[in-house]
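Enquirer: next one to model:
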Amino acid sequence: MMAENLHKYKNAIYLSLNHTLGGAFCIDGKLFPGLNQKAGEFGHMILVPKGRKCYCGKPGCADAYCAASVLTDGGQIPLEQFMAKLRQNDPAAKKKWEDYLDSLAILISNLRMAYDINLILCGEAGGYLSEYMIPLGEKVLSYTGFDRDTRYLKNCTYAREASAIGAAKHFIKLKIKGGSRLCYSR
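Expert: Residues are numbered from 1 along each chain as shown. Model (predicted):
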């Protein structure tokens with residue numbers, strides 16, 4: 001979330017679709033950690049009761065359906081390779097992608113109903129979603145009777161390495177607040 005413009009997204013959910021699923025909340029322009037530093041742990045919300053076993057041991061966690069590892073067979077193949085197969089209309093890749101978008105649409109719909117704020121899609125898989133926002137949006141709308149559009153769905157600013165950029169921005173901000181001068185050399 002720190003990689004995004006916190007002034008632009010004063011209230012938003014950052015849904016990180018990496019090898020595992022996670023995220024963050026930004027409320028009034030500030031990260032909200034929760035009482036026990038666990039706010040945004042969307043990966044372990046139950047998405048499918050008695051569903052696939054998650055790496056945490058519970059059945060049906062969103063992580064088992066919406067993390068990028070679902071598309072890469074647990075990291076056995078690079079995500080780029082899966083996306084290339086999808087673009088080549090490989091039937092198995094198309095089926096896996098449709099199932100993935102269905103599960104993601106349910107998660108998005110649930111988060112939207114619970115929080116009613118912008119939702120930024122990011123991470124490894126999130127970086128590819130800009131090409132698929134229309135089919136994803138259609139699936140999301142099929143799961144909710146309250147929204148008539150999906151303008152609250154946003155693509156991340158950085159399709160790759162957002163965590164590194166966010167960490168760098170955090171430390172730059174700390175240095176500036178602390179009164180230190182930052183010097184850049186070429």
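
Enquirer: and for the residue nearest to Asn18 when sequence neighbours are not counted, the neighbour number?
Expert: What sits nearest to Asn18 in space, not counting adjacent residues and going by C-beta to C-beta, 6 or more residues apart in numbering, is Gly123, at 4.0 Å. Where you see a C-beta, it was placed from the backbone N, CA and C, and this is true even at glycine. Other residues near Gly123 number 26, with proximity taken as other C-beta atoms under 10 Å.

Enquirer: Gly123 is in contact with Tyr14, isn't it?
Expert: No: counting by C-beta atoms under 8 Å, Gly123 does not reach Tyr14; the two are 9.2 Å apart.

Enquirer: next, the residue nearest to Asn18: phi, psi?
Expert: For Gly123, the backbone dihedrals (degrees, to the nearest 10) come out as phi 90, psi -180.

Enquirer: show me where this structure has its strands.
Expert: Listed in chain order, the strands of the chain (DSSP state E) span residues 12-17, 21-27, 30-32, 118-122, 153-155.

Enquirer: ok, longest helix in the protein?
Expert: helix 91-115 (DSSP state H).

Enquirer: list the residues that contact the residue nearest to Gly126 when sequence neighbours are not counted.
Expert: If the residues on either side of it in the chain are set aside, Gly126 comes closest to Leu17, at 4.3 Å by C-beta to C-beta, 6+ apart. Contacts here follow C-beta atoms under 8 Å, 6 or more residues apart in numbering; on that basis Leu17 touches Cys66, Ala67, Ala68, Leu104, Leu121, Cys122, Gly123, Glu124, Ala125, Gly126, Leu129.

Enquirer: brilliant, that's me finished.
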